[in-house]
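Enquirer: A structural model of the following input is requested.
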Amino acid sequence: MKQKVNGVTLFYEVAGNGQPLLLIHGNGEDHTIFDEAVAHLKPHFTCYAIDSRDHGQSSKVEALHYADMAKDICVFMENLNLRDVVFYGFSDGGIVGLLAALQTDRIAAMILSGANLYPHGMTDEIYALIEEDYQKTGSTKSLMMLREPNIADWQLKKLLLPTLVLAGTADLIKDEHTRHIAQTLPNSRLHILKGEGHETYIIHSTVVAGEILRFLGKPTGLPVPEYETNA
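Expert: Model prediction:
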C-alpha cells in the first residue's frame, strides 16, 4: 500500500488486528526485515511495516534528514487517523521514533533498538567506517548518520510515555550511550541482550517480537532471551 505524506510517498504493508503498531527499519533496509516478527505480532496488533523515505519502495530523495523522516511518520498517523500507537524503531527507526514522539500525542508507547542521540553515540570504529563509505560513495544515507541526529537530554525528559530501550552486548552503539538514553527517559526500561549485535535479534528474527509483546503485557509463546541487563 502507499500513502502520500510530507511531499513523498511511503510504501507500507498492513497485517493483523488491534492496537496500531508501527515498525520502522534502520538505515539501508526496508520493511521486509520484520516479516518474521509480524507473524507473531499480528494476532495482537494491526502492524504497519513502513519503508522510510529513500528506502525500499518509498520515494527517493536528494537529501536525507531524520527530522523529515519523523514528520513523515507523524503525517502518516494523521492521514490514517491512528491513535494510541505503539512505535517500534530499529537504529535509524529508533531515532525517528524519538523525534516523532516529541511532535505528536498519537504515540502511546515506544520500543527502541540501537538508537543514538548524536553521531558519536556510535562506536568510534563504526563512525570511521561510515565516514570512509561516504568519502568513497557520497551516500546520502551515510552523510545523515555522520551529521545527525542531535537530540538533547532536555528533549528526552519531555517524553513521559512508557519506553523499552533495547541493545545487544555487541551493539554498534556505545553501551554507555544506550544506558544514558534509558536513564534519561523518565518512564523507561532497559534490556541489554546477551550475545546479540546491533541487528542480530531484529532482522528476520522473532526475538524482537517477544520483546515487544512482553513489554506490552501480551502472551508470546516465544523464548525469553538472556539479558546482561534487565532493568
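
Enquirer: use CA for all of it now, contacts and neighbours both
Expert: OK.

Enquirer: Can you tell me the centre-most residue of this structure?
Expert: G89 (1.4 Å; C-alpha atoms, centre = their mean).

Enquirer: Could you tell me which residues within the helix or strand containing G93 count as buried?
Expert: Using DSSP states H and E, the element containing G93 is helix 92-101. Within helix 92-101, the residues scored as buried using 16 or more other C-alpha atoms under 10 Å are 92-101.

Enquirer: Please put the alpha-carbon coordinates of it into PDB.
Expert: Extracted C-alpha coordinates of helix 92-101, given in PDB (Å, rounded to 0.1, in the frame of the first residue of the first chain):
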ATOM      1  CA  ASP A  92      17.500   5.000  12.400                       C
ATOM      2  CA  GLY A  93      13.900   4.000  13.100                       C
ATOM      3  CA  GLY A  94      14.500   4.500  16.800                       C
ATOM      4  CA  ILE A  95      15.800   8.000  16.200                       C
ATOM      5  CA  VAL A  96      12.800   8.700  14.100                       C
ATOM      6  CA  GLY A  97      10.600   7.400  17.000                       C
ATOM      7  CA  LEU A  98      12.100   9.800  19.500                       C
ATOM      8  CA  LEU A  99      11.700  12.800  17.200                       C
ATOM      9  CA  ALA A 100       8.200  11.800  16.200                       C
ATOM     10  CA  ALA A 101       7.200  11.400  19.900                       C
END
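
Enquirer: Wait, T9 touches I50, no?
Expert: No. Look at T9 against I50 with C-alpha atoms under 8 Å: they stay out of range, at 10.8 Å.

Enquirer: contact partners of stretch 61-74?
Expert: Contact partners of stretch 61-74, identified using C-alpha atoms under 8 Å, 6 or more residues apart in numbering, comprise 5-6, 52-54, 92, 95-97, 99-100, 103-104, 140-141, 144, 148-149.

Enquirer: circling back: just send the buried residues of helix 92-101 back as CSV, with distance to S205 and pLDDT too.
Expert: Formatted as CSV, the entries for these read as follows, by distance: C-alpha to C-alpha, whole Å; pLDDT from 0 to 100:
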residue, distance to S205, pLDDT
D92, 18, 98
G93, 17, 98
G94, 17, 98
I95, 21, 98
V96, 21, 98
G97, 21, 98
L98, 23, 98
L99, 26, 98
A100, 25, 98
A101, 26, 98
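
Enquirer: What is the nearest of the residues you listed to L112?
Expert: G94 (4.9 Å; C-alpha to C-alpha).

Enquirer: dump the residue contacts of S52.
Expert: Residues counted as contacts of S52 (C-alpha under 8 Å, 6+ apart) are 10-11, 24-25, 30, 58, 69.

Enquirer: what ranges do the strands span in the chain?
Expert: For the chain, strands defined by DSSP state E occupy the ranges 2-5, 8-16, 19-24, 45-50, 85-90, 107-113, 163-170, 188-197, 227-230.
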